[in-house]
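# sharing a sequence plus its predicted fold:
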Amino acid sequence: MQKLVDTFIQTANLFDVEGTLSLFSSDAVIDDVSVGDAFVGTKGIRLYLERFFVGYKTKSRLLSLKQSDDFNAVVRLDFTGDFGHEIGVLKIAINPDGLIERIDADLE
């Protein structure tokens with residue numbers, strides 16, 4: 001899980017949408033309470049990354065990772081970008097293939 005999270009942060013910080021998308025299953029979901037919407041499948045995840053990472057020039061820094069089992073973790077990130085500064089929490093679930101199948105995201 002640590003390697004996956006590190007790769008997610010690296011690719012997202014480079015605004016590498018394709019590289020970041022490759023970490024997700026084709027039917028993945030990002031449910032982000034802070035923006036009031038869920039983004040489903042490759043098309044939805046692409047929209048999310050383009051809008052909230054590329055669009056706001058968001059850079060992330062890992063604060064903590066707590067893994068509850070082989071498939072679930074809670075990640076705290078420090079976000080900076082055109083919006084200012086926020087601390088976010090991502091509840092990440094991966095499938096047996098090691099791809100992200102769900103992220104429940106919110107701000108502290």
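That came through, no problem.

# quick one, strands of the protein?
24-32, 37-40, 59-69, 72-81, 84-94, 100-107 (DSSP state E).

# I'd like those as JSON lines, with distance to Q10 appended.
For the C-beta atoms, the positions are set from N, CA and C on the backbone; glycine is no exception. Output for the strands of the chain, formatted as JSON lines (distance: least, Cβ to Cβ, whole Å):
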{"stretch": "strand 24-32", "distance to Q10": "15"}
{"stretch": "strand 37-40", "distance to Q10": "21"}
{"stretch": "strand 59-69", "distance to Q10": "9"}
{"stretch": "strand 72-81", "distance to Q10": "13"}
{"stretch": "strand 84-94", "distance to Q10": "15"}
{"stretch": "strand 100-107", "distance to Q10": "14"}
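
# can you tell me which of the ones you listed is nearest to R51?
strand 37-40 (8.9 Å; Cβ to Cβ).

# state the mean pLDDT of the closest one.
Taken as a whole, strand 37-40 has a mean pLDDT of 98.

# centre of the chain to that strand, how far?
Computed by Cα atoms, centre = their mean, to the nearest Å, the chain-centroid distance of strand 37-40 equals 12 Å.

# do the same with stretch 66-80
That offset, for stretch 66-80, works out to 10 Å (Cα atoms, centre = their mean).

# contacts for it, please.
1-2, 5, 9, 58-65, 85-96, 108 (Cβ atoms under 8 Å, 6 or more residues apart in numbering).

# send me that stretch as CSV with only the CA atoms.
Output of stretch 66-80 as CSV, limited to C-alpha atoms (Å, rounded to 0.1, in the frame of the first residue of the first chain):
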residue,chain,number,x,y,z
LYS,A,66,-2.5,3.8,8.6
GLN,A,67,-3.2,0.5,7.0
SER,A,68,-6.0,-1.5,8.5
ASP,A,69,-5.4,-4.6,6.4
ASP,A,70,-4.0,-5.6,3.0
PHE,A,71,-6.7,-3.8,1.1
ASN,A,72,-7.6,-0.7,3.1
ALA,A,73,-5.7,2.3,4.5
VAL,A,74,-6.4,5.8,5.8
VAL,A,75,-4.0,8.4,4.3
ARG,A,76,-3.6,12.0,5.6
LEU,A,77,-2.2,14.4,3.0
ASP,A,78,-1.1,18.0,3.1
PHE,A,79,-2.6,19.8,0.0
THR,A,80,-1.4,23.1,-1.4
